[in-house]
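*Asks:* sequence first, predicted model second:
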Amino acid sequence: FILLFSVGKTERLHVSYAEQSDKKSARQFAKNPSVSIKLSNGQSIPLINQALSSYENENAKQVIAKRQEIVKKSLAKDDAGAFNKTGPDNLAMLKYWWQLASDEEKQQFIKHQQENQ
């Protein structure tokens, strides 16, 4: 599960939850975990307790939506929804990826090029 909350960076936190003494209570906790977080002064912090799967689903949806937004912006205004097949210059892209590559990756690429000539 994921706990979402906000605090100042200098706060000391106390996390508490019911102790599970047997398999049955551990399974119940796993299905519906109940956790509280308090500041050193005893004040409870509002938090969202979310299942990991739903958190990952939500993040995936946000990533997909962001990508779709970028794609829509890249389409020409007078385009009827088809992608523009032209892209950046190949040499420019090769230079870009070369700059991002590690020294090991560069050596692997050079070896690959030498073997395939």
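*Replies:* Received it, and whenever you're ready, just let me know what you need.
*Asks:* ok, and for stretch 26-35, which residues are buried?
*Replies:* Using 16 or more other CB atoms under 10 Å as the test for burial, stretch 26-35 gives F29. (Each C-beta comes from the backbone N, C-alpha and C, glycine too.)
*Asks:* so the residue sitting nearest the centre point of the chain, which of the three states?
*Replies:* The C-alpha lying nearest the average C-alpha coordinate of the chain belongs to N59 (CA atoms, centre = their mean; 6.4 Å). Recorded secondary structure, N59: helix (DSSP: H, G, I helix; E, B strand; the rest coil).
*Asks:* K38 sits in which helix or strand?
*Replies:* Assigned by DSSP states H and E, K38 belongs to strand 35-39.
*Asks:* so for that strand, what's the average pLDDT?
*Replies:* Taken as a whole, strand 35-39 carries a mean pLDDT of 87.
*Asks:* other SSEs contacting that strand?
*Replies:* strand 13-17 (3 or more CB pairs under 8 Å, 6 or more residues apart in numbering; DSSP states H and E).
*Asks:* distance from the worst-scoring helix or strand of the chain on mean pLDDT to the middle of the chain?
*Replies:* Among the helices and strands of the chain, helix 52-74 carries the lowest confidence by mean pLDDT, DSSP states H and E, at a mean of 72. Here the centre of helix 52-74 is set off from its chain's centre by 10 Å, with CA atoms, centre = their mean, to the nearest Å.
*Asks:* excluding chain neighbours, what is closest to K106?
*Replies:* W98 (6.9 Å; CB to CB, 6 or more residues apart in numbering).
*Asks:* quick one on the thing from earlier: any buried residues in the strand holding K38, and which?
*Replies:* Buried residues in strand 35-39 (16+ other CB under 10 Å): I37.
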